[in-house]
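[1] After the sequence you'll find the predicted model.
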Amino acid sequence: MKKAILAGALVAFAAVPASAQPAPPRTVHGELMLYDQLNYNGDNVTLDSSSPTVHTDWNIRSLAIHPGDSWQICARSRFRDPCIVLNRSVPDSSVVGIDGQIGSARPAPAAAPAAAH
């Protein structure tokens, strides 16, 4: 399983109109949901706190974030770079550079600027 987060992919995500994206599932404040299929389908894992190591038995294909929340997603364990901050759900994780697994995730530190709007 590959780990990759590409900052350059964030521009493409911002250019996709929100109306063209499927509606994310209902989420709970403070939770990040990881899905094994596009458009929030299939098996999922819910993170509700900082996770210095994240592992699923499948590649992550979409992520759901509660409106108003921001999560820092890092390619490596223990929140080591490269990292991105997401402030909305992503129906296709490859658009923001997540292609496979992630290493760690946590609610975004207050000073972290959001990368995807």
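    Right, received. Where do you want to start?
[2] Give me the nearest residue to Leu47, chain neighbours excluded.
    Leu32 (4.5 Å; Cβ to Cβ, 6 or more residues apart in numbering). Backbone N, C-alpha and C define where each C-beta goes, glycine included.
[3] Provide a list of residues in contact with the one you found.
    Counting by Cβ atoms under 8 Å, 6 or more residues apart in numbering, Leu32 touches Thr46, Leu47, Asp48, Leu63, Ala64, Ile65, Asp69, Trp71, Ala105.
[4] where's Pro24, which helix or strand?
    Per DSSP states H and E, Pro24 falls between elements, in no helix or strand.
[5] so it sits right up against Pro91, yeah?
    Yes: between Pro24 and Pro91 a contact is recorded at 7.2 Å, counting by Cβ atoms under 8 Å.
[6] Find residues that contact each of the two.
    Common neighbours of Pro24 and Pro91 (Cβ under 8 Å, 6+ apart) are Tyr40.
[7] Number of residues surrounding the spatially closest residue to Cys74 that is not a sequence neighbour?
    Distances taken as Cβ to Cβ, 6+ apart put Cys83 closest to Cys74, at 4.0 Å, once the chain neighbours are dropped. By other Cβ atoms under 10 Å, the residues close to Cys83 number 21.
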